[in-house]
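[1] Next come a sequence and a model predicted from it.
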Amino acid sequence: MSRINTTLRSKKILIDQFAHQGLKTLALLSASFIFLIGSVILVKGLTPFLTDNDGLGRVGLIPFITGNVWLIDPTFQSSLYSVGFLIITTLYIVFLSLLISFPVGVLTALFIAKIAPKKLAECFRSVVEILASIPSIIYGLFGAGFILKIVYQMSQLVGVQSKGGNSVLSTVIILALMTIPTITTVSEVAIRSVDQRLIEGSLALGASFTQTNFKVVLTAAKSGIFTAAILGVGRALGEATAVSLVAGGRRSGLSFDLLDTTATLTTTMLEGMKESQGLDYNIRFSVGMVLLVVILITNFLLNLIKRKVGKIHVK
Amino acid sequence: MSNKRKAQDFLLQFGTYFAAFFSFATLSLIIFFIFTNGVKLLNLDLITHDYQAKTHIAEPLAPNDTDYFEPEETLKAEVYYSPRWGLGLIDSIDLMGKTQVEIAYVHPSSPFQQLHDKGLSHELLSLKPDMMIIRIAYSDQPSSLARYGAEQMIDELALSNQIRELEFTIPGGGIRGSIITTFYLIVFSLLFALPIGIGAAIYLNEYAKNNRFTRLLRSFIELLTGVPSIIYGLMGLAFFVPFIINVSSATSGSILSGSMTMAVILLPVVIRTTEESLKVVPDEYRQGSLALGASKTQTTFRIVLPGAFPGVLSATLLAIGRIIGESAALVFAIGTAIKDDIRVTEQSTSLAVHIWAMMTDEPANIELSSTIAIIILLIVLLLNLLIKLLTRRFLRKVSAPR
Amino acid sequence: MTAQNPIVFQIENLNLFYGEKQALKEISIAIYEKEVTALIGPSGCGKSTFLRVLNRMNDLIDSCHITGNVTYHDQDIYQPKTDVNGLRKSVGMVFQKPNPFPMSIQDNLIYGPKCQGIRDRFLLKQIVEQSLKQAALWDEVKDRLKESALALSGGQQQRLCIARTIAMKPEVILMDEPTSALDPVATAKIEDLISSLKQDYTIIIVTHNMQQAARISDKTAFFLMGELIEYGDANQLFSTPENKKTEEYITGRFG
C-alpha cells in the first residue's frame, strides 16, 4: 500500500476543492451582477408607479410612457413626468445618426480591408482604433466646442434661431462620429473574412474589382455588417454624457426639427438630480427601465431583421 | 466595357476613399480642436494646483525696518521691482481678459515673507510667485488696486511706510484633486475587478465543464457587455452608494462606491481578455505539470496563470483606459463635486467627470476642459500602444518554442 | 523463459469509452518491473489512450469513462479515493512533443519537487544535478541552468522532460512516442537513455517505429482497433508472431 505516498494527499485535495469552489464563487458573483442591475432598476423604477410618492401622487404608467412633458417647473407633481416624446426623439436621433455612420463606417471598412494599399490600410486602421478608444466625454467636448458653433453659424445662415447650436443636428453628428469606429471595426473583420474564392470567382466572370467589392464582398459579409450596425445602435442608444452636452435639454413637446433643441432618455436621466430619495430620484430609474426596454426591443427587432435578411442570400 | 460602368465604378471607389478620409478628418479635427483650445493651459502648475482659488486678507507681521533689498536673481525686463519692499510684480491677464497683478519675485527677507492671516485661520502666510495681488491698503495713503496695473502698484508701494493689509489670491484652476481621484479610482477599481475577473476567467476556462450551467454563466456575463454605462451608474447609485454609506463614514457618493461600480463595468472586459490569454497557453504545459504529480491548483497558479500573464496585463491596461474615460456611470456613482482635498469616502471627480462638471456649468470652461482632454487622450493613446506591443510580444513568445 | 520480474500494473478486462465511442476493448495485460514494454500499432489503435489509463491522464477528458480493473501494485487506481497526484508522481510521463515549461532549465526540474513541498535548497540542487546526469544532459547544460529551457534543441528539450520526470523519483515512466518529433541523432540519444534507465525504472513506451520497439523493448504489445492483439517477449513477437494480424503489421503489410 505504501507505493503511493499519501501524506500530502488530503491537504492537496482539500486545497484543490477549496480553489475550485472559490473560483466558482467568483464566476457566480460575476454572473450575478446582471441580476443585481436588473432588480435594482426594476425595484426603484417601479416605485413611482406603485406608491403615493410621499404625497405627490402615483405616476400613471400609460401617461408616463405616452406623455409629452418632463417636469418643467419645480412644483413637484407626479403627472408632469413622462417620457413618450423622449422615446420617439431618442429613436429618431439614433436612426438619423445611423444614416450617416452606417455608410461611412462600412465604406471605410471596405477601404481598409480591400481597397487601400497595405501601408495606407495599416495607417487608417490605427486612425479608427484611436477614434474607437477616445472617451465619449471628449467627443462631447468636441461637440460642445466645435460642432455647436458650426451648427449655430449654419442655422443663422438659413435664418433660424437655434439655441447656441444645441439641436437635433448636433446630437446626430456627435452620435454618428462616435459610432463610426464601432461599425468600421466590426464590419472590417466581416469583410476580411469573406472567402477569397468568392472574390476570384466574381473577377473570373469579368466583373470589375469595384463591382466585386460592392456586389460580392459586401453581400457576403452582410451578416457581420449587420451585427456592426446593431452594435452601433446599441452604443448610440446608451450614450449619455456626450449627448447631454449638445442636446439642449428639451423639456416638452415632440419636435423633429433638425435645428430645434432636443433631449434623449439618457440626457434626461443625467439632468439636474436634486434629491437622493423621493420621486425625482426614483423616476430616473423608471427612465433607465424604459431605456433598457427600448434597447432590448430594438436589439430583438434588428436581430429578427438580420435573420430574415441573412436567409435570402448566400451566407 | 462601357463608359457608364467605368463612371459608376469610379463613383463607388471614390465613395470608399471619401469615407476613409472622413474618419481621418474627424480624428484630425478633434485633436486640432483640443490642442488649440487646451495647449495654452498645459503646464506643471495645472497638475500641482488646486481647482478652487483661495483668497486671503493678511497684514505684515513686522514693520518694514530695512530700506533696501537687492534682488538675488536677475529679474525679467517686464517685472516692476520695489527695492524698498523686496517685491517684484508683473502684469498678466486672466481667462476672462481682465488685468491682474501677478507676483514675480519675493526677496527672501522681504516683510511679505511673513504675513498674518486676518481671516479665520490666523495662520502664517507668505507671498510666493504666481500668486495674484488684488489690493494693498496703507495706513498713510489710499489703497492700490490690481486693475491699475503692476507699475502703479509698485510706485504707490514705494511711497508708503506702512501697510495696513493686503488681499491676494492663490490661483485655482488646477486639477491636482481630479488626478488624485482618478488614481484612487484606478487602484480601487482594479483591486475589486481583477481578483474577481481573473478568478472567474480561470474557473470558466480551467475548471468548468462544458455544460448548460457553464454556458448560462457565460451568457449572463456576456450580457453585462451590452448594458449602457449610465445604467451601471444607476445601479451604483442605488446599491453601492448606500452600501458604502452603511459601512463607512461616507454620507453620499464616494470614490469607493464609484470604484465598485466601475469594477462591475470592467468585469466582462477583464474576464474575456483573461480567458482569451488562458486559451493561448498550450495544453502541453498543463499535461506536463499534471503528469509530474502537481495538483490542479498548483498547475493553474504556477504554470497556466504565469503563462497568461501578458494577457492579464493587457486586460489591466484596457481596464485602466476604461476607468479614465468613463463619465456617465461615475456622475451617478460618485457625484460631480470638484474637490481639492481627496478622501476615498467623499465625493470628488475623475478627470473625465471634471470635464463634464465644467462643461455643464455656466459658462462652460472649454479651455481647461480641452487641457484635461489632452491629458486623457495622451494616456489613452499610450495605453493603446502598450497593449499593441504587449499583444505582439505575447503572440511571438507563445508561438516561438519548438 | 527466465524468472519473471514482479508485476507493476495488472490490467483486467479494461474497456474505455469516449462518450458513446469505445476506444479500448477488453484489454488484459500485466506490466513487469524494470523492463521496457513497447506498445505498437497503427495510429488510432488506442495505444496512447491505454498509456494514459495508467496515470489517469484521461481524467482530463470529461466524456471519458472506463470499466474493468487497473491495479498498480495491487491497488485499484480507479477507486474514488485514489490519490491521483500521488499516482502521477510515481508514474511519470513523457509526451510526444517536448513540453518544457517556459522557465529556466533549473526551474523546470525543481517544479515537481517543489509542488511536493520540498523547499530545501541543497536538496533541490542535488535533485537537479542527479536527474540531469541520469538523463545524460548534465554536461550539455550544467553551465546554463538559469537559461530558458525553450532555448534548448528539440532533443535536449525532450531529455530535459525525461530529467524532469526522473526528478520526481518515479517508479514507472510512461513515454508517448517520445522521439516522433525528433531527428535521427536526437532519437538515438533518447534510445540509449531509455536502455540505461531500464536498470532503475519500469518504462512503458508507445512508438510508431517498429525498429525502435525491436531495438529497445523487452516486451511488446500490439494494439489494433482498440484491442490487444498480441503481447509477449519482444524477440519472440518480432521473429515469430503468433497472430496473423501481428505478422501482417510488422512485415509492413498495413499501418
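    Okay, I see it.
[2] List the residues that contact residue 28.
    I went with chain A, as the question did not name one. B:Leu217 (C-beta atoms under 8 Å, 6 or more residues apart in numbering or on different chains). In short, each C-beta sits where N, CA and C put it, glycine included.
[3] My question was about chain C, not that one.
    Neighbouring residues of C:Ser28 by C-beta under 8 Å, 6+ apart: C:Ile11, C:Glu12, C:Asn13, C:Leu14, C:Leu228.
[4] Please produce a PyMOL select command covering the buried subset of those residues.
    Selecting the buried subset of the contacts of C:Ser28 in PyMOL, with 16 or more other C-beta atoms under 10 Å in any protein chain shown as the burial test, is done by:
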select buried, chain C and resi 11+14+228
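[5] tell me which element residue 269 falls in.
    I'll assume chain A. helix A:265-270 (DSSP states H and E).
[6] I was after chain B.
    Following DSSP H and E, one finds B:Val269 within helix B:255-280.
[7] How about that helix and chain C, touching?
    No. Judged by C-beta under 8 Å from any C-beta of the partner chain, helix B:255-280 stays clear of chain C, getting no closer than 11.9 Å.
[8] returning to what we had before: of the contacts of C:Ser28, closest to chain A?
    C:Ile11 (16.4 Å; C-beta to the nearest C-beta).
[9] quick one: A:Asn303 from chain B, how far?
    Going from A:Asn303 to chain B by C-beta to the nearest C-beta, to the nearest Å gives 12 Å.
[10] so what's residue 50 closest to, chain neighbours aside?
    Just going to use chain A. In space, and not counting its chain neighbours, A:Leu50 is closest to A:Arg58: 7.4 Å by C-beta to C-beta, 6 or more residues apart in numbering or on different chains.
[11] if you could check chain C rather than the one you did, that'd help
    Counting by C-beta to C-beta, 6+ apart, C:Phe50 lies nearest to C:Leu24, which is 6.0 Å off, once chain neighbours are set aside.
[12] Let's verify the one you found: helix, strand, or coil?
    strand (DSSP: H, G, I helix; E, B strand; the rest coil).
[13] is it true that A:Phe256 touches A:Val172?
    No. The pair A:Phe256 and A:Val172 does not pass the contact test of C-beta atoms under 8 Å, sitting 11.6 Å apart.
[14] Against which helices or strands is the helix or strand harbouring A:Asn303 packed?
    For A:Asn303, the host element (DSSP H and E) is helix A:279-312. The helices and strands touching helix A:279-312, judged by 3 or more C-beta pairs under 8 Å, 6 or more residues apart in numbering or on different chains; DSSP states H and E, are helix A:9-50, helix A:84-110, helix A:222-238, helix A:265-270, helix B:229-235.
[15] Same list as before, those helices that is, but in TSV and with distance to B:Asn365 and mean pLDDT included.
    Compiled in TSV, the helices and strands packed on helix A:279-312 are given as follows (distance: least, C-beta to C-beta, whole Å; pLDDT from 0 to 100):
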stretch	distance to B:Asn365	mean pLDDT
helix A:9-50	33	91
helix A:84-110	27	94
helix A:222-238	27	92
helix A:265-270	18	90
helix B:229-235	23	94
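[16] closest one to B:Ala200 among these?
    Comparison of those against B:Ala200 by C-beta to C-beta identifies helix A:9-50 as nearest, at 4.0 Å.
[17] where does the residue lying closest to B:Asn37 once chain neighbours are set aside land on pLDDT?
    Of all residues not flanking B:Asn37 in the chain, B:Ser370 sits nearest, at 3.7 Å (C-beta to C-beta, 6+ apart). Reported pLDDT at B:Ser370 in the predicted model: 93.
[18] And the one 10 residues further on, by the same measure?
    Model confidence at B:Val380, given as pLDDT, is 93.
[19] Tell me the residues on chain C that lie near chain A, please.
    Within chain C, the residues that sit near chain A (C-beta under 8 Å from any C-beta) are C:72-73, C:75, C:82-83, C:85-87, C:89-90, C:116-117, C:171.
[20] How much space separates the closest residue to chain B within chain A from A:Thr264?
    Here chain A gets closest to chain B at one residue, A:Gly238, 2.4 Å apart by C-beta to the nearest C-beta. Distance, A:Gly238 to A:Thr264, using C-beta to C-beta, to the nearest Å: 10 Å.
[21] Between those two, tell me which one has more neighbours.
    A:Thr264 (27 against 23; other C-beta atoms under 10 Å in any protein chain shown).
[22] I figured that one hits A:Ile87, correct?
    No. At 9.2 Å, A:Thr264 and A:Ile87 do not qualify as touching, with contact defined as C-beta under 8 Å.
[23] on that earlier part again, how far is the helix holding A:Asn303 from where the chain is centred?
    Mean-position distance between helix A:279-312 and its chain equals 10 Å (C-alpha atoms, centre = their mean, to the nearest Å).
[24] Residue 99: how many residues sit nearby?
    Picking chain A for this. Counted with other C-beta under 10 Å, A:Leu99 comes out at 12.
[25] was after chain C, sorry
    By other C-beta under 10 Å, neighbour count at C:Asn99 equals 25.
[26] and what of B:Leu377?
    23.
[27] so where's chain A uncertain?
    Confidence mapping of chain A against pLDDT under 70 gives the ranges A:1-9, A:72-79, A:273-276, A:310-315.
[28] for it, which residue is closest to the average position?
    A centroid search over chain A (C-alpha atoms, centre = their mean) returns A:Arg235, at 1.8 Å, as the residue closest to the centre.
[29] tell me the contacts of that residue?
    With contact set as C-beta under 8 Å, 6+ apart, A:Arg235 has these partners: A:Met178, A:Thr179, A:Thr182.
[30] To which secondary structure element is B:Ser92 assigned?
    Per DSSP H and E: strand B:87-93 holds B:Ser92.
[31] Can you find the helix or strand in chain B with the smallest mean pLDDT?
    Confidence across the helices and strands of chain B bottoms out at helix B:44-48, with a mean of 80, counting by mean pLDDT, DSSP states H and E.
[32] how far does it sit from the chain's center?
    The answer for helix B:44-48 is 12 Å, by C-alpha atoms, centre = their mean.
[33] Need the residues that contact that helix.
    B:Asp130, B:Gly173, B:Gly174, B:Ile175, B:Arg176, B:Ile179, B:Thr371.
[34] Which members of those residues define the maximum pairwise distance?
    Across the contacts of helix B:44-48, the longest distance by C-beta to C-beta is 18.8 Å; it joins B:Asp130 and B:Ile179.
[35] If you count surrounding residues, which of those two has more?
    More neighbours surround B:Ile179 than the other of B:Asp130 and B:Ile179, with 19 against 12 (other C-beta under 10 Å).
[36] Now for that one: which residues touch it?
    Residues near B:Ile179 by C-beta under 8 Å, 6+ apart: B:Ile47, B:Leu351.
[37] so when I look at it, I'm seeing a strand, right?
    No. Applying three-state DSSP, one finds B:Ile179 to be helix, outside a strand.
[38] Read off the pLDDT value for it.
    Looking at B:Ile179, its pLDDT is 93.
[39] Kindly report the same for the one 4 residues further on.
    Per-residue confidence at B:Phe183 stands at 96 (pLDDT).
[40] Show me what counts as buried in the helix or strand encompassing it.
    B:Phe183 belongs to helix B:176-202 when elements are defined using DSSP H and E. Neighbour-count burial for helix B:176-202, counted by 16+ other C-beta under 10 Å, picks out B:176-182, B:184-186, B:188-190, B:192-194, B:196-202.
[41] Run a quick neighbour tally on whichever residue of chain B sits closest to chain A.
    Chain A sits closest to B:Pro228 of chain B, with a gap of 2.4 Å, by C-beta to the nearest C-beta. When counting by other C-beta under 10 Å, one arrives at 23 neighbours for B:Pro228.
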